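**Student:** output the structure for:
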Amino acid sequence: MEIALLTRKLDVRGSTIYTLNLATQLVARGHGVRLICGGGRLLPDFERGGVPVVLFPGLGDSTDLFLTRKIARKIREKPPALLHVMSPAAASTGASVAKAVGIPYFISVHSPLEQVRMATSSKYLRGVLVASESVRESLVNETRVRKDLIRVVLPGVDVKRLKETPPFSSEGAPVVGILGPLETVRGHDTFLEAAKVILVSHPEVQFLVIGEGPEEERLRKKTEELGIRKNVTFHADPDNYFTVLSGVDIFLMPFLQIGLGNTVLEAMACGKPVVASSVGGVFYVIKENETGLLRPKNDPPAFAEAVCALLRDRDKARRIGHAARLHVEQNFTAERMAAETLEAYQRALESAAPNG
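**Tutor:** Sure, this is the predicted structure:
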């Protein structure tokens, strides 16, 4: 099957990791895949995975009024069976391209907070793949997306690529990290405020902020205001992204709201204990004190308490990290995700009924 994937920037975020895992699995299964994107920091990871990439630097830049025509013209050179739009951020462009080329399209939605601007009445829309039941409920209740178009396909990670590296397995100060774009909904304020509390009893701990985004300048200033600058490092270099993951001992994911983030799964697949907000689809992967720890959102003291408990009981941290890895291996593999996605493609394409 010839498949075109459409996304915007390949930055360090869950939707990019999802796209990487799906694209490499489709290629491995012998399908013809093209990724149409606007470039980005993780582009080399797609190239190393054997995924052909077609760059449109204006993708994501609304100033290019002829972008849809350019993409459509490129796709017509070798028309795919379908177009898969990898996130709602590219939904408008994807719908226009699908209409211009005359091909069916799918869209993936990862979080209830994403701006869903889908042309749901388009006769070319064949499916909406969502990352968790909580996202499905959000679409049903808050948008006009037809129920019969929505299918839950839980995300998956490449466990062969991500090696298990138990926490506290190297010498030096413990490292607590947060992974994902620097955006308000990711809870970086909770992370930094929790860091200040943790440092009172564990002044040796280092804190690593992995990612980039519009909140970076403000968050850097906040480390100054909190008096923790020397213990906080901001890191956005993709060349050693997975090496960086392996060097973190505990991950904090204090989301304000989320579906089921690939970033959580990536950390768990590395054998790390994750402390996450008890919101959204995270309940699919984290069982309290078994595969991770859950704390109320916007509660820095609660997150700090959880981290301090793991710092005091490192055997428990290792047990939770190992159980997390096993849970991902058994339930959240990229192979399973790709198989379910292909099934969704086939089922929708075999249906002759128009959507609209």
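**Student:** where exactly do the strands run in the stretch 101-250 of the chain?
**Tutor:** Assignment of strands within the stretch 101-250 of the chain using DSSP state E, counting those that start in this stretch yields the ranges 105-109, 125-130, 150-152, 175-179, 206-210, 232-235, 250-253.
**Student:** give me the contacts around whichever helix or strand comes after the last one.
**Tutor:** Which is strand 250-253. Where DSSP states H and E defines the elements, the next helix or strand beyond strand 250-253 is helix 262-269. The contact list for helix 262-269 (C-beta atoms under 8 Å, 6 or more residues apart in numbering) reads 13-15, 17-18, 21, 110, 155-157, 159, 162, 164, 177, 179-180, 245, 248, 251, 253, 274, 276, 282, 285-286, 291-292, 321, 324-325, 327-329, 332. Where C-beta positions appear, they are placed from N, C-alpha and C, glycine not excepted.
**Student:** filter the residues you listed to the buried ones?
**Tutor:** Buried residues within the contacts of helix 262-269, defined by neighbour count using 16 or more other C-beta atoms under 10 Å: 13-15, 17-18, 21, 110, 155-157, 159, 162, 164, 177, 179-180, 245, 248, 251, 253, 274, 276, 282, 285-286, 291-292, 321, 324-325, 327-328, 332.
**Student:** low-confidence ranges in this protein?
**Tutor:** The model of the chain has pLDDT under 70 over residues 60-65, 112-121, 237-240, 258-260, 352-356.
**Student:** please enumerate the helices of it.
**Tutor:** Secondary structure of the chain (DSSP state H): helices at 14-28, 43-48, 67-76, 91-101, 133-142, 188-201, 216-226, 241-246, 262-269, 300-312, 314-331, 334-350.
**Student:** the fifth one: how far from the chain's middle?
**Tutor:** In other words, helix 133-142. Centroid separation for helix 133-142 versus its chain: 18 Å, with C-alpha atoms, centre = their mean, to the nearest Å.
**Student:** check which helices and strands it sits against.
**Tutor:** Using 3 or more C-beta pairs under 8 Å, 6 or more residues apart in numbering; DSSP states H and E, the elements in contact with helix 133-142 are strand 125-130, strand 150-152.
**Student:** most packed of these?
**Tutor:** strand 125-130 (a mean of 26; mean count of other C-beta atoms under 10 Å).
**Student:** same for it, what does it pack against?
**Tutor:** Here strand 125-130 touches strand 105-109, helix 133-142, strand 150-152, helix 334-350, going by 3+ C-beta pairs under 8 Å, 6+ apart.
**Student:** ok, the shortest one: who's next to it in the sheet?
**Tutor:** Think strand 150-152. Here strand 150-152 is paired, per DSSP bridges, with strand 125-130 (parallel).
**Student:** what does the partner strand contact?
**Tutor:** Strand 125-130 has contacts (C-beta under 8 Å, 6+ apart) with 82, 95, 98, 104-110, 118-119, 136, 139, 145, 149-153, 259, 341, 344-345, 348-349, 351, 355-356.
**Student:** ok so, going back, wait, which of the helices and strands packed on helix 133-142 is closest to G213?
**Tutor:** Nearest to G213, of all those, is strand 125-130, at 23.3 Å by C-beta to C-beta.
**Student:** CA atoms of that closest one as PDB?
**Tutor:** Extracted in PDB, the C-alpha atoms of strand 125-130 (Å, rounded to 0.1, in the frame of the first residue of the first chain):
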ATOM      1  CA  LEU A 125     -12.400  11.700   5.500                       C
ATOM      2  CA  ARG A 126     -12.400   8.000   6.200                       C
ATOM      3  CA  GLY A 127     -11.300   7.800   9.900                       C
ATOM      4  CA  VAL A 128     -10.200   9.500  13.000                       C
ATOM      5  CA  LEU A 129      -7.600   7.500  15.000                       C
ATOM      6  CA  VAL A 130      -7.500   8.600  18.700                       C
END
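**Student:** how far does it sit from its chain's centre?
**Tutor:** So, by C-alpha atoms, centre = their mean, the centroid of strand 125-130 is 18 Å from its chain's centroid.
**Student:** could you give the angle of it to helix 334-350?
**Tutor:** Orientation of strand 125-130 against helix 334-350 (axes from the mean of the first three to the mean of the last three C-alpha atoms, to 10 degrees) gives an angle of 150 degrees.
**Student:** show me what contacts the nearest residue to L182 once chain neighbours are set aside?
**Tutor:** Leaving out its chain neighbours, the residue that sits closest to L182 by C-beta to C-beta, 6 or more residues apart in numbering is G213, at 3.5 Å. Listed by C-beta under 8 Å, 6+ apart, the contact partners of G213 are D11, P181, L182, E183.
**Student:** which one of those residues is nearest E47?
**Tutor:** Comparing those against E47 with C-beta to C-beta places D11 closest, at 15.9 Å.
**Student:** and the closest one, how close does it get to E212?
**Tutor:** With the distance defined as C-beta to C-beta, to the nearest Å, D11 ends up 7 Å from E212.
**Student:** common neighbours of those two, please.
**Tutor:** R41, P181.
**Student:** what's around the residue nearest to A338 when sequence neighbours are not counted, how many residues?
**Tutor:** Sequence neighbours aside, Q25 is the residue nearest to A338 in space, at 3.6 Å (criterion: C-beta to C-beta, 6+ apart). Neighbour count of Q25, defined by other C-beta atoms under 10 Å: 23.
**Student:** TSV for the helices and strands packed on helix 133-142, including distance to L42?
**Tutor:** Converted to TSV, the helices and strands packed on helix 133-142 look like this (distance: least, C-beta to C-beta, whole Å):
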stretch	distance to L42
strand 125-130	21
strand 150-152	25
